[in-house]
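Colleague: the following comprises the amino acid sequence and a computationally predicted model.
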Amino acid sequence: MSDFFRVLKNDSLTSARTGVIKTSRGEIKTPVFMPVGTQGTVKTLSVPELKSLGVEIILNNAYHLFLRPGMEVIRNARGIHSFISWDKPILTDSGGFQVFSLAQFRKISEDGVLFRSHMDGSKIFLSPEIMTEFQTLLGVDIMMCFDECSDYPITYKKAKDSMELTLRWAKRCKEKFRELEKNSQRSTLNSQFLFGIVQGSVYSDLRRESARKTVEMGFDGYAIGGLSVGEPRNEMFDALNAVMPEFPEQKPRYFMGLGTPEDIWEAIEAGVDMFDCVLPTRNGRNGQAFTFDGKINIKNAQYQNDFSPLDEKCGCPACGNYSRAFINHLFKVKEFLAGRLLSLHNINFLIKLMSVVRDAISKGEFKDEKDRFIKRYSAG
RNA sequence: GGGCAGAUGGCAGAGCGGUCAAUUGCACCAGACUGUAAAUCUGGCGACCUUGGGUCUACGUAGGUUCAAAUCCUACUCUGCCCA
């Protein structure tokens, strides 16, 4: 077994834990937040900026990169890392989320998914094999199985069918992954890891079955997919809690698409190690900033004459240089800097939050720190 | 001095007898956003009343016609353009 992931410390009161993921492009301390860079870039931010915030790994999206720039450019660029000038770890989503978010443009079959390009309507066929091969070509450090992220709400029967299809696809992804490894089509210099994805909507027994069978197949890590897609919060956590006991201790667990600070604390308590979300960047572009005293909408009139920083102790480039009043002004006059500053700030917030969490777990103070955070965050 | 056109809610600008408290855009106020078709989308935006809904004050000013006027008529004020 490789030393891809190692648990460093288990919390005594909860299932929270700290750990470290080792890839050939660097180590990742967990729990970790991974900013989303769908098209090979975390929207509005440069690589040096991301590094300055302490970002250790970013997400890219195989579906979007498959459409543009496409295989040829990626091949000529010698992989995604050199193409986008990011030499740290990258995790790619396989396109399974697009099966959900671009539902109106696709048709699912046993073999795969036929998309009508959301850009020009042309037909694109994606399958477990194709997406495994493409993610291999991208040369990403962690790749995801091609899954079907199910819709919400969804009937039990459909959730079951969808979950079972995802299992069959996972098997094919893994077989393709092994085959490419054997044929040395995968670089031996840079190790790649493959994660399985658990589905089953909000049905606990389906979730458990999905987790158990995915774990039986054996992957480098396990993701919880198909949640935070509109279901009530309690159902989301019921689904999560149904699944967690099925996962092996020594493999990383990744909650796909989870991003509010309260939710992240809750999921870490349940034993999750990895997170990604568009929230810090998308909401940032739309004027929302996370602070330890709650979220604020900087566009609101009350900040027009507020010359204090977003968050006194933040230290990000936005807080270090600009006032709420000025950022409020930037949004009103629609300057690009506005969305950039809040994206920087929000990513910084989540990166810092994770370090607070890791610290708390290391010191055995997870529960206290969580309560303290939630109390202050929801008071604001 | 004469002729023509026009004056509508914060701004621009529809409406040209009842279905108009008045289309739309901007501005303004608020909300949403969770593996990004998103620098996007939604709602509110005369006042008052307890909601469905109702009441009042409103389309330059003052009168008038009409069951009914932002819409028609008269005068006035102002603005723009043209001719002398």
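Modeller: Ah, there it is. Numbering: from 1, shown residues only, chains lettered A, B, ... in the order given.
Colleague: so where's the stretch 1-150 of chain A uncertain?
Modeller: A:1-2 (pLDDT under 70).
Colleague: can you name the residues of it sitting close to RNA strand B?
Modeller: A:36-38, A:42-44, A:59, A:61, A:64, A:93-94, A:96-98, A:100-102, A:104-105, A:118-119, A:144, A:147, A:149 (CB under 7 Å from any atom of the strand). In this view, the C-beta of every residue, glycine as well, is placed from N, C-alpha and C.
Colleague: can you give me the strands in the stretch 1-150 of chain A?
Modeller: A:5-10, A:17-23, A:26-30, A:32-35, A:58-61, A:90-93, A:106-108, A:113-116, A:123-126, A:142-144 (DSSP state E, counting those that start in this stretch).
Colleague: still on that earlier bit, any of the residues of the stretch 1-150 of chain A next to RNA strand B buried? List them.
Modeller: When these are checked for burial by 16 or more other CB atoms under 10 Å, the buried set is A:36-38, A:42-44, A:59, A:61, A:64, A:93-94, A:96-98, A:100, A:102, A:105, A:118, A:144, A:147, A:149.
Colleague: name the element the residue positioned nearest the centre of chain A belongs to?
Modeller: Geometric centre of chain A, nearest residue: A:D276, 2.3 Å, by CA atoms, centre = their mean. Following DSSP states H and E, one finds A:D276 within strand A:274-277.
Colleague: for whichever residue of chain A sits closest to RNA strand B, grab phi and psi.
Modeller: Distances between chain A and RNA strand B by CB to the nearest atom of the strand are smallest at A:C149, namely 2.2 Å. Note on A:C149: its backbone torsions stand at phi -80, psi 110 [degrees, to the nearest 10].
Colleague: so for stretch A:258-276, what's the average pLDDT?
Modeller: Stretch A:258-276 shows an average pLDDT of 98 in the prediction.
Colleague: CA atoms of it as PDB?
Modeller: Included here for stretch A:258-276 are C-alpha records, laid out as PDB according to Å, rounded to 0.1, in the frame of the first residue of the first chain:
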ATOM      1  CA  LEU A 258     -19.800  21.300   0.200                       C
ATOM      2  CA  GLY A 259     -18.900  24.900   1.000                       C
ATOM      3  CA  THR A 260     -20.700  26.800   3.800                       C
ATOM      4  CA  PRO A 261     -18.500  27.100   6.900                       C
ATOM      5  CA  GLU A 262     -21.200  25.600   9.100                       C
ATOM      6  CA  ASP A 263     -21.600  22.600   6.800                       C
ATOM      7  CA  ILE A 264     -17.900  22.100   6.600                       C
ATOM      8  CA  TRP A 265     -17.500  22.000  10.400                       C
ATOM      9  CA  GLU A 266     -20.300  19.500  10.600                       C
ATOM     10  CA  ALA A 267     -18.900  17.200   7.900                       C
ATOM     11  CA  ILE A 268     -15.400  17.300   9.500                       C
ATOM     12  CA  GLU A 269     -16.900  16.300  12.700                       C
ATOM     13  CA  ALA A 270     -18.400  13.300  10.800                       C
ATOM     14  CA  GLY A 271     -14.900  12.400   9.500                       C
ATOM     15  CA  VAL A 272     -14.600  14.100   6.100                       C
ATOM     16  CA  ASP A 273     -11.100  15.100   5.000                       C
ATOM     17  CA  MET A 274     -11.600  17.000   1.700                       C
ATOM     18  CA  PHE A 275     -13.900  19.700   0.400                       C
ATOM     19  CA  ASP A 276     -14.400  21.800  -2.700                       C
END
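Colleague: identify each buried residue in it, please.
Modeller: A:258-261, A:263-276.
Colleague: can you classify the residue located most distally from the centre of chain A by secondary structure?
Modeller: Centroid-distance maximum for chain A: A:N305 at 36.0 Å, with CA atoms, centre = their mean. Under DSSP: H, G, I helix; E, B strand; the rest coil, the three-state class of A:N305 is coil.
Colleague: next, the buried residues of stretch A:350-360.
Modeller: Going through stretch A:350-360 with 16+ other CB under 10 Å, the ones that come out buried are A:L350, A:I351, A:K352, A:L353, A:M354, A:V357, A:R358, A:A360.
Colleague: restricted to helices, list these.
Modeller: Secondary structure assignment by DSSP state H places A:L350, A:I351, A:K352, A:L353, A:M354, A:V357, A:R358, A:A360 of the buried residues of stretch A:350-360 in helices.
Colleague: export those as JSON lines, with columns for pLDDT and distance to A:F195.
Modeller: Listed next are these as JSON lines, based on pLDDT from 0 to 100; distance: CB to CB, whole Å:
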{"residue": "A:L350", "pLDDT": "98", "distance to A:F195": "21"}
{"residue": "A:I351", "pLDDT": "98", "distance to A:F195": "22"}
{"residue": "A:K352", "pLDDT": "97", "distance to A:F195": "26"}
{"residue": "A:L353", "pLDDT": "98", "distance to A:F195": "23"}
{"residue": "A:M354", "pLDDT": "98", "distance to A:F195": "19"}
{"residue": "A:V357", "pLDDT": "98", "distance to A:F195": "21"}
{"residue": "A:R358", "pLDDT": "98", "distance to A:F195": "21"}
{"residue": "A:A360", "pLDDT": "98", "distance to A:F195": "26"}
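Colleague: output those residues as TSV; include the columns distance to RNA strand B.
Modeller: Converted to TSV, these look like this (distance: CB to the nearest atom of the strand, whole Å):
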residue	distance to RNA strand B
A:L350	12
A:I351	15
A:K352	18
A:L353	14
A:M354	15
A:V357	16
A:R358	20
A:A360	21
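Colleague: returning to what we had before: the residue of chain A closest to RNA strand B and A:G284, how far apart?
Modeller: Between A:C149 and A:G284 the distance is 24 Å, computed by CB to CB, to the nearest Å.
Colleague: out of everything not next to it in sequence, what's closest to A:E269?
Modeller: The shortest distance from A:E269 to any non-neighbouring residue, by CB to CB, 6 or more residues apart in numbering, is to A:T14 (4.6 Å).
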